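1. give me the fold of what follows.
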Amino acid sequence: MQSNSVLRYGASISLIALIILCLAWELKVAPLKPGGSLLVLKVLPLLLPLRGVLKGRLYTLQWAAMLILLYFMEGVVRAWSDPSPLSALMGGLEITFSLIFYLCAILYLRPAKLAAKQKNQAVK
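-> A predicted model of the protein is given here:
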């Protein structure tokens, strides 16, 4: 159970870091338009799973792991295509935080998935 709590905290911290990164990126550090842009609204979907992730809810971690892949893709695109080096760095950080979240969530869910599989096979 020790590693399970570490994975839950890792997922929680990386999700919070991603939220802060996206806010800072689109409001101050390297917005698409000076003064910020409406792209800051991309933070809203990240707020939806926050409570469930903090509590370690399996269902929330499952769908949040799929949601986070959108942020991974955005990070890849912007890291390699944005002309600003600062924006490319922010894209790299987005890749890092989304990967950490994804791996922590998947590894956190693994024991529950294995237990469900064993239970299902015992019923058959």
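2. can you name every helix or strand that the lengthiest helix in the chain contacts?
-> In the chain, taking DSSP state H as the definition, the longest helix is helix 85-123. Counting contacts by 3 or more CB pairs under 8 Å, 6 or more residues apart in numbering; DSSP states H and E, helix 85-123 is packed against helix 2-24, helix 58-81. The C-beta positions use only the backbone N, C-alpha and C, and glycine is treated the same way.
3. got the contact list for the next helix or strand after the shortest one?
-> Downstream of helix 2-24, the first helix or strand assigned by DSSP states H and E is helix 44-47. Here helix 44-47 makes contact (CB atoms under 8 Å, 6 or more residues apart in numbering) with 15, 18-19, 22, 67, 70-71.
4. now do 7 Å
-> Contacts of helix 44-47 from elsewhere in the structure, counted by CB atoms under 7 Å, 6 or more residues apart in numbering, are 15, 18-19, 22, 67.
5. in stretch 35-48, what's buried?
-> Along stretch 35-48, these residues count as buried under the neighbour rule (16 or more other CB atoms under 10 Å): 40, 43, 46.
6. what's the distance between the second one and residue 57?
-> Going back to what we said before, that points to residue 43. 21 Å (CB to CB, to the nearest Å).
7. I'd assumed residue 68 was in contact with residue 101.
-> Yes. Under the contact definition of CB atoms under 7 Å, residue 101 touches residue 68, with a separation of 5.0 Å.
8. between these two, which is the more surrounded one?
-> residue 101 (30 against 24; other CB atoms under 10 Å).
9. ok, that one - contacts?
-> Taking CB under 7 Å, 6+ apart as the definition of contact, the neighbours of residue 101 are 11, 14-15, 18, 68.
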